[in-house]
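>>> Sequence first, predicted model second:
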Amino acid sequence: MNKIVTTFILVSIVIGQDWGGQSGGFLRMGMTAKAVSMGGGFTAELDQSFPVFHNPAWSAFLAKRHFGSSYTNLTLDRRLAATSFAMALPPTAGIGLAWVYGGVNNIQGRYSTGMKSSKMQTGENALMITFAQRLVPWLAIGANFKILRYDLPITESDQLSGSGIGFDIGLLIKTGKNNTVGIMVQDLSSNYQWDTNELYTQGGPYKEEFPTIYRVGSRYNNKGLIIVGDLGLITDHDTYSGVLPRVGVEYSFLDQYFFRGGYGNGRMAFGVGYEYGLFKPRDSHIDYAFSLDWVSQTAHTISYAFNF
């Protein structure tokens, strides 16, 4: 059993190193504290802070309006932030709107002589628009349309920007009262379009494509113990890059306190959550996650969700 677990972790680390540096990495890091602390395997799980990110089909099953915000503090002056809103659109549909940002600040600029100039920053942004439709009471399909932008500083006054669009498609099946199965295609045709003509004499247009990930996952709930997991097939459109497994657990105490752990995306993580009433009973959630990746870099994520 120990050999199986060790092999699982080593395979995940190798694959994570191989594809983690490809385009659009900020959309594959894990958005919220709950998801990060449970390994990120949320293809079939509802994330209160970001209902449509892991599977857009969830918006068709929402009973309330969901607002969420999340922030991750990473090493090397990196940061990741997200804000989302989702709601049902009676009688059988759902919609959502979200913004995701990932970037680095405090980059020391330098002149061609080597002297220091001003501090710079770089950032990636994604605006996500979601629509989902429930086909039958236990089955829904949904899609995310993403508007993408990447800003890179060149000098104090010059900046190179790439932009593009992308799509996610999700399917959600309710197999029981508390159990679900999800299927997700992430970053279908997602890309950045660059044009370096104004900066370089031999510059020109360039298309930078995101890897596409095909995921299938499940959620199992038994008396306060929730087990989630998914398996992702990673491709770069022409070739198969690898398989990425993710798994996590959550235990609830008094239906108000939550303790979580998981492994996925090359990271081991733990977290806690607290549910309370702000205006109405159980309308607010606050979650925290601590994660540790393969190079011993730590991250702290905090999320807040409000349902009304």
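Happy to help now that I have it. What you are looking at is a predicted structure, and each value in this text was computed from that prediction instead of being measured.
>>> Run through the chain and note the low-pLDDT ranges.
1-21, 112, 155-157, 198-203, 294-296 (pLDDT under 70).
>>> what sits against Val247?
39, 41, 227-229, 262-264 (CB atoms under 8 Å, 6 or more residues apart in numbering). C-betas here are computed from N, CA, C, even on glycine.
>>> what about it, distance to Ile213?
According to CB to CB, to the nearest Å, Val247 stands 16 Å off from Ile213.
>>> now the nearest residue to Leu76 once chain neighbours are set aside, which residues is it bridged with?
In space, and not counting its chain neighbours, Leu76 is closest to Val104: 7.0 Å by CB to CB, 6 or more residues apart in numbering. In this entry, Val104 is beta-bridged to Arg78, Thr122, by DSSP bridges.
>>> Thr83 versus Val104, what's the distance?
Val104 sits at a distance of 20 Å from Thr83 (criterion: CB to CB).
>>> again with Lys223
Applying CB to CB to Lys223 and Thr83 gives a distance of 34 Å.
>>> Of these two, which one has the most company?
The neighbour count for Lys223 versus Thr83, taken as other CB atoms under 10 Å, is higher for Thr83 (16 against 7).
>>> Tell me if I'm right that that one and Asn125 touch.
No - between Thr83 and Asn125 there is no contact under CB atoms under 8 Å: 11.7 Å.
>>> and for these two, which residues touch both?
Residues touching both Thr83 and Asn125 by CB under 8 Å, 6+ apart: Trp99.
>>> Mind checking what secondary structure the residue of the chain positioned farthest from its centre has?
Most distant from the centre of the chain: Thr113, at 40.5 Å, with distances by CA atoms, centre = their mean. Here Thr113 is recorded as coil under DSSP: H, G, I helix; E, B strand; the rest coil.
>>> Please tell me how far it sits from Phe85.
49 Å.
>>> Over to Asn265?
Relative to Phe85, and taking CB to CB, Asn265 is found at 25 Å.
>>> So between those two, which is more surrounded?
Between Asn265 and Phe85, Asn265 has the larger neighbour count (other CB under 10 Å), namely 23 against 19.
>>> Tell me how many other residues crowd Met87.
Using other CB under 10 Å, Met87 is surrounded by 18 other residues.
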